[in-house]
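A.B. asks: Sequence first, then the predicted structure:
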2 protein chains.
Amino acid sequence: MTTLANDLLIRALLRQPVERTPVWMMRQAGRYLPEYRATRSKAGSFMQLCTNPELACEVTLQPLERYAFDAAILFSDILTIPDAMGLGLSFAEGEGPQFAKPIRSAQDIQNLPIPDPETELRYVIDAVRVIKRELQGRVPLIGFSGSPWTLATYMVEGKSSKSFQKVKSLMFNEPQQMHQLLDKLAQSVASYLNAQIAAGADAVMLFDTWGGMLSHSDYLEFSLRYAQQVRQLLNTKRDGHTIPTVLFTKGGGLWLEAMADTGYDALGLDWQTSIAAARARVGDQVALQGNMDPITLYAQPEVIRAKVAGILAEFGQGSGHVFNLGHGILPDINPEHVKAMVDAVHEFSPQYHR
Amino acid sequence: MTTLANDLLIRALLRQPVERTPVWMMRQAGRYLPEYRATRSKAGSFMQLCTNPELACEVTLQPLERYAFDAAILFSDILTIPDAMGLGLSFAEGEGPQFAKPIRSAQDIQNLPIPDPETELRYVIDAVRVIKRELQGRVPLIGFSGSPWTLATYMVEGKSSKSFQKVKSLMFNEPQQMHQLLDKLAQSVASYLNAQIAAGADAVMLFDTWGGMLSHSDYLEFSLRYAQQVRQLLNTKRDGHTIPTVLFTKGGGLWLEAMADTGYDALGLDWQTSIAAARARVGDQVALQGNMDPITLYAQPEVIRAKVAGILAEFGQGSGHVFNLGHGILPDINPEHVKAMVDAVHEFSPQYHR
């Protein structure tokens, strides 16, 4: 077990004292970086990049060469589990993800296997091992998965959706089938994250990208309940260390209290949620990760710096904050603007940890 | 002045006692109705339908023939004001709204006129007059406008947007220009809504469709501030009657307290916001309008009835609730399902007003 040279992220997620606020960025290994685009075109398709552990490692480490980030995040896709279940994931150019065999019947749900991560998702777990080896303990590695609800939306819709008509119709008309699907997904996600932890992930994050499309009561019943089931099934100790867990529901700002009660160490915040208000509501239970509007990175560097300062001031004094965007970085951001953000966190945050 | 035969909506918006909860539906005059599609194809384009007061009246009244709705809402588009300012609105088939001359410079903003509704938006005000004449006081007529922020998003982006990169970049980099644009829009919106009120609208609603894409602080500074300016400029008395005002920010559930402080009589709620929680937070200041998930209307009628019962129970005893969806009805809903919703409100709501 390598000791981490920089464990700011781990300490902040566990609300232990830190010298400055750690910073990383959702989708930090991505298309805004020319070196990512080069590796991607070498790999061929997006899925060929995801399924090649050496290349996945290469793009995972790229942003760390450019920026003083305090974490690496596994390069992968949130839809690897349904693909391993046999749904046939592909990415049509400019179209987003698609499944060849979406869920269409109760029988389809009953037939779904729970994938063994060490065999059916071996390429991901191998990528974790390769990245850990190459990181040499510089910064922690974050593992992740899509949430059961978010995976279910793609599996039932067959692709991205604006209205979520198919998956919500299943939820409204056949709630037992929906629960059966979500229970299988929760078991699969937990087993997948546990394999990532065993292979070396130092923290794990559950991405509930579409929980925010639900009403409050449907969110509790169909999204949060299964995020909690995942949490209960996680092995969050490795070699005596705690593996912190993060739950991010985009559009979930209204439900932070319920989210904080599920046992995750930290909550991801989208940019709509005031981090000051969030801290007042749940800051004695969980750390908070976020939450600059990703579009801020189109602004001039001095505007970016002022916005970073504002978010740090909003969170205020003490540990329990991991600086991040409120959602993934967009593909056409100027890489220099990311540097302005990271440098501002380094420059302005120590005053909040004295 | 015609007295209203059914003024449940007005009383509920003013939190006065009612016998049952009034119900109407955002986009109730719309493509889900075959009779709407017939009138629409008679008119030609969507804008030809909007700009013809007799046909706009025809589609406004169609849902009242089918359903026991407690309000009519003016058939129009939220983008009539920027069109009257000279931006050149059109609707490409399946593409949504587009402006031929979007805002591209400080000069463009300075040159924008504040339209005179009785001349440049005459077709809308005439539609209000025709609808009022044809309604003969059966139910109230709701007038509406897009909010200054929401109009600005389309005017700067030139069309619908997912990321709002252009308008947010203007907001971040040139906040004074943005404020100048929003101030002109607030004056234009207020003058437009005042003309609708003078022509007969019995209530008015401000649609802030995209306020929820902003961070909390940006929402207060760039969206809510101008919604409040509009409110302050409204003439909400006509012939001794109060014209209730409704503010709807989609995705604004986090900010209800600030919204309730702006002087609107009622807040529209999207479906993510628990109406019970909303009432506990601001129900002593404002009425609440909403908030069933529009996708519920794809479910079986018995599921729809149960969801209606749930929302009525969540709001609970007493006046101050107008039943609605949390957003507009989708075009491929079965009209029978709308009937299930309306009938359920009529059947289940009287018990909450004893």
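C.D. replies: Everything's here; your move. Just so it is clear, the model here is predicted, and its values are computed rather than measured.

A.B. asks: Following the chain past the lowest-mean-pLDDT helix or strand in chain A, name the next helix or strand.
C.D. replies: When the helices and strands of chain A are scored by mean pLDDT, DSSP states H and E, strand A:89-92 comes last with a mean of 90. Counting by DSSP states H and E, the next helix or strand C-terminal to strand A:89-92 is strand A:96-99.

A.B. asks: Okay, buried residues for that next one please.
C.D. replies: The neighbour-count check on strand A:96-99 (16 or more other C-beta atoms under 10 Å in any protein chain shown) flags A:Pro97, A:Gln98, A:Phe99 as buried. For glycine as for every other residue, the C-beta is placed from the backbone atoms N, C-alpha and C.

A.B. asks: now that strand, how far from the centre of its chain.
C.D. replies: Computed by C-alpha atoms, centre = their mean, to the nearest Å, the chain-centroid distance of strand A:96-99 equals 19 Å.

A.B. asks: Stretch A:261-278 too?
C.D. replies: So, by C-alpha atoms, centre = their mean, the centroid of stretch A:261-278 is 14 Å from its chain's centroid.

A.B. asks: buried residues in that stretch?
C.D. replies: By neighbour count with 16+ other C-beta under 10 Å, stretch A:261-278 contains the buried residues A:262-278.

A.B. asks: just checking: which of these also lie near chain B?
C.D. replies: A:Trp271, A:Gln272, A:Thr273, A:Ser274, A:Ala277 (C-beta under 8 Å from any C-beta of the partner chain).

A.B. asks: could these go into CSV alongside pLDDT and distance to B:Glu221?
C.D. replies: Below are these laid out as CSV (pLDDT from 0 to 100; distance: C-beta to C-beta, whole Å):
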residue, pLDDT, distance to B:Glu221
A:Trp271, 98, 14
A:Gln272, 98, 14
A:Thr273, 97, 17
A:Ser274, 98, 13
A:Ala277, 98, 16
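
A.B. asks: I'd like to know how many residues surround A:Ser44.
C.D. replies: In this structure residue A:44 is Gly, not Ser. Per other C-beta atoms under 10 Å in any protein chain shown, the neighbour tally for A:Gly44 reads 11.

A.B. asks: before we move on, what about A:Gly146?
C.D. replies: 24.

A.B. asks: Just to check, it is in contact with A:Gly211?
C.D. replies: No. A:Gly146 is beyond contact range of A:Gly211, at 10.7 Å (criterion: C-beta atoms under 8 Å).

A.B. asks: Enumerate the residues of chain A near chain B.
C.D. replies: So chain A meets chain B at A:163-165, A:168-169, A:172-173, A:212-219, A:251, A:253-254, A:271-274, A:277, A:291, A:293-296, A:298-300, A:303, A:307, A:310, A:326, A:330 (C-beta under 8 Å from any C-beta).

A.B. asks: Name the helix or strand for the residue lying closest to A:Thr209 once chain neighbours are set aside, please.
C.D. replies: Excluding its sequence neighbours, the residue lying closest to A:Thr209 (C-beta to C-beta, 6 or more residues apart in numbering or on different chains) is A:Thr150, at 4.8 Å. Using DSSP H and E, A:Thr150 sits within helix A:148-157.

A.B. asks: Buried residues, the longest helix along chain A. List them.
C.D. replies: Of all the elements of type helix in chain A, the one with the most residues (DSSP state H) is helix A:175-199. Across helix A:175-199, burial judged by 16+ other C-beta under 10 Å covers A:177-179, A:181-197, A:199.

A.B. asks: Any buried residues in the least confident helix or strand of chain A, and which?
C.D. replies: For strand A:89-92, the neighbour count (16+ other C-beta under 10 Å) marks A:Leu89 as buried.

A.B. asks: got it, and stretch A:274-291?
C.D. replies: A:274-279, A:282-283, A:285-291.

A.B. asks: what's the offset of it from the middle of its chain?
C.D. replies: From the chain centre to the centre of stretch A:274-291 is a distance of 17 Å (C-alpha atoms, centre = their mean).

A.B. asks: Pull up the distance across that stretch, start to finish.
C.D. replies: With C-alpha to C-alpha, to the nearest Å as the measure, stretch A:274-291 spans 8 Å from end to end.

A.B. asks: try stretch A:81-97
C.D. replies: End to end - C-alpha to C-alpha - stretch A:81-97 spans 13 Å.

A.B. asks: Tell me how many other residues crowd A:Lys162.
C.D. replies: Each residue near A:Lys162 was counted by other C-beta under 10 Å, and the total is 9.
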